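*Asks:* no sequence for this one, just the structure:
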């Protein structure tokens, strides 16, 4: 399977804990995106990388959120001091370079904060 | 005004009929438009992309784009129960060449 891979699929944690998610993009894609989706809403852009460079971050991304893509391949998204409002599906997508290139999504990580 | 607007539905269509899904967007210079299908509990799946005014057909799906009206639509012919899903309209915002903004989606239900 050469699609976008995300781990873990589900994460349940207590409020205040830190969590980290991983995304492995399609191998030939140099762009990687993180989105958050809550029930009844479309995916909400969080941040994106071109190779290892983080080129854009949403204003909605608080300082508790950090993302890395150290070698331009896989990426991690960390949420520190989780809050109830962080409960959501976290989606990763990848694409080739170019504004017309569609994004292909992984299966997501569902985060539940107790 | 939301950047990408869709009717949330649900839109109920009898099996075999044409389902018509609509989307409007606010950024007049947007260049790329996508339709994604999302089944409950699953991730979005790309079904159509369109970049030029007019119609683009792929099997039972037709995407229509009218940049002057800032309007994009998706038609599904011969609707099947397996088409029941949420359909997300996504627009590439010209102000950020790689940032795609999603609408909140239209829930489509195909009744047998």
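*Replies:* Looks like it arrived, so ask away. All values derive from a computational prediction rather than experimental measurement.

*Asks:* Now do the same contact list for the residue in chain A positioned nearest to chain B.
*Replies:* The nearest approach of chain A to chain B comes at residue A:42, 3.2 Å away (CB to the nearest CB). Just so you know, the C-beta spots here come from the backbone N, C-alpha and C atoms, and that holds for glycine as well. Residue A:42 makes contacts with B:4, B:88, B:90, B:102-105, as judged by CB atoms under 8 Å, 6 or more residues apart in numbering or on different chains.

*Asks:* Per-residue confidence at the closest residue to it other than its chain neighbours, what does it come out as?
*Replies:* Distances taken as CB to CB, 6 or more residues apart in numbering or on different chains place residue B:102 nearest to residue A:42, at 3.2 Å, with adjacent residues excluded. Residue B:102 carries a pLDDT value of 94.

*Asks:* how many neighbours does residue B:102 have?
*Replies:* 23 (other CB atoms under 10 Å in any protein chain shown).

*Asks:* So in terms of bridging, what pairs with it?
*Replies:* residue B:90 (DSSP bridges).

*Asks:* which residues does it contact?
*Replies:* Taking CB under 8 Å, 6+ apart as the criterion, residue B:102 is in contact with A:35, A:42-44, B:4, B:36, B:44, B:88-90.

*Asks:* ditto for residue B:46
*Replies:* Contacts of residue B:46 by CB under 8 Å, 6+ apart are A:102-104, B:34-36.

*Asks:* so who does the residue of chain B most remote from its centre touch?
*Replies:* Each residue of chain B has a distance to the centre, and by CA atoms, centre = their mean the biggest one is for residue B:112: 22.5 Å. Each residue near residue B:112 by CB under 8 Å, 6+ apart is listed here: B:15, B:81.

*Asks:* Look at it and report its pLDDT.
*Replies:* Residue B:112 is given a pLDDT of 90.

*Asks:* What's the separation between the closest residue to residue B:25 other than its chain neighbours and residue B:15?
*Replies:* In this structure, residue B:25 finds its nearest non-sequential neighbour in residue B:91, 4.6 Å apart by CB to CB, 6+ apart. Look at residue B:91 and residue B:15: by CB to CB, to the nearest Å, they are 30 Å apart.

*Asks:* Fine by me, thanks again.
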